[in-house]
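>>> coords below, sequence missing:
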């Protein structure tokens, strides 16, 4: 065997926790499937997922 074999890293899908390979040809990485990727996108869209910080809307409304 040569030293050029790629090591496949297996991660848990952030949505369903199933094992998912982390490879260049994995279209949905770090997710295991398109379904899990879309579930995560929907959570960001409905603000179930968010990054902590001050609201940008508060800054805009105080510029009067």
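That came through, no problem. Everything numeric here is computed off the predicted structure, so don't read it as measured data.

>>> identify the residues contacting residue 32.
Taking C-beta atoms under 8 Å, 6 or more residues apart in numbering as the contact definition, residue 32 lies against 13, 15-16, 18-20. Every C-beta, even on glycine, is put in place using the N, C-alpha and C of the backbone.

>>> what about 10 Å?
11-21, 26 (C-beta atoms under 10 Å, 6 or more residues apart in numbering).

>>> check residue 35 too.
Residue 35 touches 15-16, 28, counting by C-beta under 10 Å, 6+ apart.

>>> tell me where the protein has strands.
Secondary structure of the chain by DSSP state E: the strands cover 9-12, 19-22.

>>> want to throw those strands into CSV with distance to residue 52, mean neighbour count and mean pLDDT?
CSV is the format used below for the strands of the chain (distance: least, C-beta to C-beta, whole Å; neighbours: other C-beta atoms under 10 Å; pLDDT from 0 to 100):
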stretch, distance to residue 52, mean neighbour count, mean pLDDT
strand 9-12, 23, 11, 94
strand 19-22, 27, 14, 92
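
>>> burial of residue 36, as a residue count?
By other C-beta atoms under 10 Å, 19 other residues sit near residue 36.

>>> distance-wise, check it relative to residue 42.
11 Å (C-beta to C-beta, to the nearest Å).

>>> now swap in residue 10 and tell me
Counting by C-beta to C-beta, the gap from residue 10 to residue 42 is 25 Å.
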